[in-house]
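A.B. asks: build me a model from this:
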Amino acid sequence: MVKRNLSVILVYLVIWLFMLLNRESSLDLLALLSQTLLTTTIITNFIKLVVLMFGFERSFQDCRNLFLTGIQETPEFYARILQIFTYYESLKASMGITLSSRIFDKYVNPTSTIKWEQIKHNLQIE
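C.D. replies: This next block holds a predicted model:
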């Protein structure tokens, strides 16, 4: 999703720069494109996706480290699991970005399933 949004932003930027450098382009059209690029949700959604991506990576690393320490079935383990879960859910809610089920089923789920099986094998879970 980040790659797709980045490509959309780059296309807008290329069009905007081309129109900015072209003296024959309409100022109304240039202003419209500038507003579309800078004031709408195109850039802010991309920033949210990047923050979300880094936050999910942090959650993954925290979970992985938790299972690697081997302190399972202790109160500290359950408290840490709740902390990671709360961080993950609050990050999802605060960013307000939803993933369509079509994109998930087509692109994310097959690779995520393979990665999850590798992670379970590496951490010796189940």
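
A.B. asks: select the longest helix from this structure.
C.D. replies: With residue count as the measure and DSSP state H as the assignment, the chain has helix 41-69 as its longest helix.

A.B. asks: state the number of residues packed around residue 115.
C.D. replies: Neighbours of residue 115 under the rule other Cβ atoms under 10 Å: 11. In this view, the C-beta of every residue, glycine as well, is placed from N, C-alpha and C.

A.B. asks: so it: helix, strand or coil?
C.D. replies: helix (DSSP: H, G, I helix; E, B strand; the rest coil).

A.B. asks: give me the number of residues near the spatially closest residue to residue 5 that is not a sequence neighbour?
C.D. replies: Leaving aside its sequence neighbours, residue 5 sits nearest to residue 46 (Cβ to Cβ, 6 or more residues apart in numbering; 4.8 Å). Burial of residue 46 is recorded as 17 neighbouring residues (other Cβ under 10 Å).

A.B. asks: now do residue 18
C.D. replies: By the criterion of other Cβ under 10 Å, residue 18 has 10 neighbours.
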